[in-house]
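# the sequence and its predicted three-dimensional model are supplied below.
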Amino acid sequence: MSEFLSELWKTTTALAPSLILGLLVAGILHVFVKRDRITGHLGRPGILSSVKAAVLGVPLPLCSCGVLPAAVSLRKDGASDGAVTSFLISTPQTGVDSISVTWGMLGLPVAAAKVAAAFLAGVIGGALVDMKGAGKPIRESMPRCADDETGSVVGRIWRYTAYTLFKGIYGWITLGILVSALITIFLEPGQLSEIGLLSGPLGLLAALALGIPMYVCSVASVPIAAGLIYAGFPVGSALVFLMAGPATNAATIGAVRKMFGKRVFMVYLSTVILVSIVAGMALNSLHVSIPLVDSGAHGGWIPAPMRVAAGLVLVFGTAWFAISALLETLGRSAAKPGKEDGVVEMEIGGMTCSGCENRVRNALASIPGVSVRSVSSRTGRAAVVLDKGDANLVAPALDAVRAAGYSAETVNNDPA
């Protein structure tokens, strides 16, 4: 047990400084880079729009689920199908937080290969879509995913960094750290290298088979990839996992098919597969050296006290949001909405982050006589208390949520 906890702490302190730096940069980009200026560059079909969309997508810290509402928003703002496809492919594989963590844990060559491959995949996918003409019209049910920005610059950066980004990925980061620690405990260094087939194309396909159906964000995929490399997985195969894991998963694949049509879906999936395999083969041919997970070499350029401090911040931040989520769940269970207390529970469709929660909460609070008890993007539910149990307030509350761009239906239809 002590060995497992030691590996957990090593991986946490290796990942934390780069993650915190990446999140802060992402918050600054969110506040100072205006979307209306960006979308003006993406409306004309052609490779230039695909290049611009990939340039936009590479630094943005959006996972494969979070990128969908952003891509829909771009499409509604007039971006071409090729630009939207380029954005869909390039964005979830990278992000400034993921790039920073990859550099810190796996080194500059792997981080550079990851960025270059994501960029090329986006440009190629976008160009292929534009070659075939217009795609399927976007469904209007998917809302924009954005906060109503108010307050000081520092406050806005903090809210986006902590509550929109980190709150949405802390669980997956924890999972990635746990998997990495388990790999180092149960596998000897280089053990998988004894399986000769993994050093060739089969290793690339194995990483692809692992990454495509699995939901893992671009940051959480890094410690898992580090653990695989420690166990003897080829570096190129790890790169395939770093690309395919964040870019695709079973849920996102279906959503892309429904939202953007069969042609965009086929280009999206095939481009991720082919470019990741080619990139993996290229990286394998360079014989890149990666420090082992248990060597203590991670983040060697960062002073040890700073790594420890960043690790503590990551641990306490994770604990804070995990405990908050647990208390929220227990509070909902104890509330037992129904006639006796005038509580109405709603099922809200389209919430993907804390920014969505804020929009739904503000929409509900705008109705006189409606008090908001809870809103959760994790469960897709909201609970409100009606003044004097007035059932006539239900319809205006639902309409307010729908006007904000989300679907809304009551779970219990007979409030007190």
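That came through, no problem. Residues are numbered from 1 along each chain as shown.
# how about low-confidence regions in the stretch 251-400 of the chain?
Regions of the stretch 251-400 of the chain meeting the criterion pLDDT under 70 cover residues 251-252, 255, 259, 291-302, 331-341, 352-355.
# repeat that for 90
Applying pLDDT under 90 to the stretch 251-400 of the chain flags residues 251-269, 284-308, 310-311, 321-322, 324-345, 348-363, 365, 369, 371-393.
# all strands for it, in order.
Taking DSSP state E, counting those that start in this stretch as the criterion, the stretch 251-400 of the chain carries its strands at 343-349, 370-376, 381-386.
# let's have those strands in JSON lines, adding distance to L120 and mean neighbour count.
Backbone N, C-alpha and C define where each C-beta goes, glycine included. Converted to JSON lines, the strands of the stretch 251-400 of the chain look like this (distance: least, Cβ to Cβ, whole Å; neighbours: other Cβ atoms under 10 Å):
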{"stretch": "strand 343-349", "distance to L120": "35", "mean neighbour count": "20"}
{"stretch": "strand 370-376", "distance to L120": "38", "mean neighbour count": "19"}
{"stretch": "strand 381-386", "distance to L120": "41", "mean neighbour count": "22"}
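# mind putting these in CSV, distance to D81 included?
Conversion of the strands of the stretch 251-400 of the chain to CSV gives the following (distance: least, Cβ to Cβ, whole Å):
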stretch, distance to D81
strand 343-349, 25
strand 370-376, 33
strand 381-386, 34
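# which stretch among those comes nearest V315?
Checking the strands of the stretch 251-400 of the chain against V315 by Cβ to Cβ gives strand 370-376 as the closest, at 23.4 Å.
# using CSV, list the CA coordinates for that closest one.
Output in CSV follows, covering the C-alpha atoms of strand 370-376 (Å, rounded to 0.1, in the frame of the first residue of the first chain):
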residue,chain,number,x,y,z
VAL,A,370,-38.7,30.6,-8.1
SER,A,371,-35.8,29.8,-5.9
VAL,A,372,-32.9,27.7,-7.2
ARG,A,373,-31.9,24.8,-5.0
SER,A,374,-29.4,23.1,-7.2
VAL,A,375,-28.1,22.9,-10.8
SER,A,376,-25.7,20.1,-11.9
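# now the angle from it to strand 343-349?
50 degrees (axes from the mean of the first three to the mean of the last three Cα atoms, to 10 degrees).
# pull up the pairing partners for strand 370-376, direction included.
Under the criterion DSSP bridges, strand 370-376 sits next to strand 381-386 (antiparallel) in its sheet.
# just the residues contacting the partner strand, thanks.
332, 335, 337, 341-348, 360-361, 364, 369-376, 393-394, 397, 401, 408, 411, 415-416 (Cβ atoms under 8 Å, 6 or more residues apart in numbering).
# sorry, back to before: between the strands of the stretch 251-400 of the chain, which one is closest to S180.
Closest approach to S180 among the strands of the stretch 251-400 of the chain (Cβ to Cβ): strand 370-376, 28.7 Å.
# what about the helices in the stretch 1-150 of the chain?
2-32, 35-39, 47-57, 67-76, 81-90, 96-106, 108-131 (DSSP state H, counting those that start in this stretch).
# circling back: figure out which of the strands of the stretch 251-400 of the chain is closest to G151.
G151 sits nearest to strand 370-376 of all the strands of the stretch 251-400 of the chain, at 19.3 Å, using Cβ to Cβ.
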